[in-house]
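Peer 1: Got a sequence here, can you model it:
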Amino acid sequence: MKYTAFEIADKLNGSVLGNGKVVVNALAKIEHAQPGSLSFLAHPKYIPFLSDTQASIVLVAKDFTLKHASKATLIQVENPYHAFTVLLQEFAKEKKKNLHGIHPSALIDPSASIATDVYIGPNVTIGANTSIAERVRIHGHCYIGSEVTIGKDSEIHPRVSVLDESEIGANCIIQSGAVIGCEGFGFAPQKEGNQVKIPQLGKVIVEDDVEIGANTTIDRATLGATVIRQGVKLDNLVQIAHNVEIGPHTVIAAQSGVAGSSKIGARCVIGGQVGIIGHLNLGDDIQIQGQTGVISNIPNGQVIQGTPAIDFKSFYKSYALFKQLPDFESRLKKLEKTNTHDR
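Peer 2: Residues are numbered from 1 along each chain as shown. So this is what the prediction gives:
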């Protein structure tokens with residue numbers, strides 16, 4: 001995939017400074033770029049690299065002023081980072097065009113419904129009555145169970161398991177090693193002290209435009225469905241338990257866990273290593289800082305931190321005092337000694 005500087009400027013509504021006919025066929029970081037590649041400059045700390053970069057084209061802001069000579073052609077755009085993302089998407093689409101057809105080692109049940117323009121990689125297993133829509137890409141060593149549906153333009157990366165009756169929407173991305181629809185963690189304690197397994201008969205519903213990170217797990221419901229609403233983004237190593245519901249466009253960072261039957265609202269931002277206990281209701285537009293432990297319901301729009309979670313500002317006021325506890329202890333001991341001597 002090759003572009004001239006003029007073609008890129010036209011695509012990004014930018015203006016060219018330098019040789020508009022220079023051609024690029026790759027994208028790269030400004031400090032590692034080679035001739036024939038395009039990079040971008042969005043942060044002042046990378047300005048020193050501009051004079052030495054080997055990149056043929058660099059995207060810069062419209063108000064950028066060149067103070068030192070550069071061999072690269074510059075394209076001035078409104079937002080270099082956003083513009084570079086647009087090009088990344090273009091290059092990614094071009095790369096995916098090369099993926100088509102069904103590998104001869106794939107094992108597909110005869111009752112499965114497979115669109116004609118999909119990609120199914122080596123050693124993929126697809127179960128009975130499963131439906132795979134147009135332009136879906138399923139990479140090698142994936143297991144797709146029975147009665148699964150996968151919507152158009154979704155991509156399933158290597159070694160993903162999508163278990164029976166799971167529903168994956170359109171334009172979803174599931175990264176390597178994720179497990180969708182595994183049995184929920186449900187056990188009934190007995191008088192004798194042993195645990196009896198509770199059958200997990202529900203399913204998982206993943207709506208459109210969802211991305212699920214590597215090695216993330218989403219448990220099937222005990223009854224009904226575990227639901228991941230449209231536009232949700234889950235990082236790597238996230239655990240979503242049975243009967244959880246995550247509202248539209250919520251983002252959850254790595255190593256976080258949500259216990260069974262909790263409901264999370266829309267547009268929430270949840271940091272890494274957050275723990276949320278079961279059967280809670282969290283409102284819309286909540287921000288939860290990293291390593292927070294949530295043990296109670298949270299209303300709309302709150303920003304919380306700490307374990308147990310409290311208001312973000314209150315947490316930092318408390319933390320400021322907590323840091324001074326050793327000094328408070330030392331001063332208290334001196335006062336106690338003084339009072340003892342005075343007696």
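
Peer 1: Contact partners for His242?
Peer 2: Applying Cβ atoms under 8 Å, 6 or more residues apart in numbering to His242 gives the contacts 184-186, 200, 202, 219-222, 226, 260-261. In this view, the C-beta of every residue, glycine as well, is placed from N, C-alpha and C.

Peer 1: Which one (most neighbours) among those?
Peer 2: Thr226 (29 neighbours; other Cβ atoms under 10 Å).

Peer 1: in which helix or strand would I find that residue?
Peer 2: Assigned by DSSP states H and E, Thr226 belongs to strand 225-228.

Peer 1: quick one: strands adjacent to the helix or strand following that strand?
Peer 2: Next in sequence after strand 225-228, counting helices and strands by DSSP H and E, comes strand 233-234. In the sheet, strand 233-234 lines up against strand 211-212 (parallel), strand 251-252 (parallel) (DSSP bridges).

Peer 1: returning to that earlier point: which residues sit against the strand holding Thr226?
Peer 2: 184, 202-207, 210, 212, 218-220, 234, 240-246.

Peer 1: give me that answer again for 7 Å
Peer 2: With contact meaning Cβ atoms under 7 Å, 6 or more residues apart in numbering, strand 225-228 is reached by 202-207, 210, 218-220, 240, 242-246.

Peer 1: can you put the strands paired with strand 233-234 in TSV and add mean pLDDT, distance to Val24 and mean neighbour count?
Peer 2: Shown next, in TSV, are the strands paired with strand 233-234 (pLDDT from 0 to 100; distance: least, Cβ to Cβ, whole Å; neighbours: other Cβ atoms under 10 Å):
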stretch	mean pLDDT	distance to Val24	mean neighbour count
strand 211-212	98	28	23
strand 251-252	98	32	22
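
Peer 1: so which of the contacts of His242 comes closest to Pro44?
Peer 2: Pro44 lies nearest to Thr226 out of these, by Cβ to Cβ, at 44.5 Å.

Peer 1: How about Glu155: what's its closest non-neighbour residue?
Peer 2: Arg137 (4.5 Å; Cβ to Cβ, 6 or more residues apart in numbering).

Peer 1: and the nearest residue to Leu223 once chain neighbours are set aside, backbone torsions?
Peer 2: Nearest non-adjacent residue to Leu223, counting by Cβ to Cβ, 6+ apart: Gly202, 5.1 Å away. With angles defined as degrees, to the nearest 10, Gly202 sits at phi -80, psi -160.

Peer 1: Cool, thanks, signing off.
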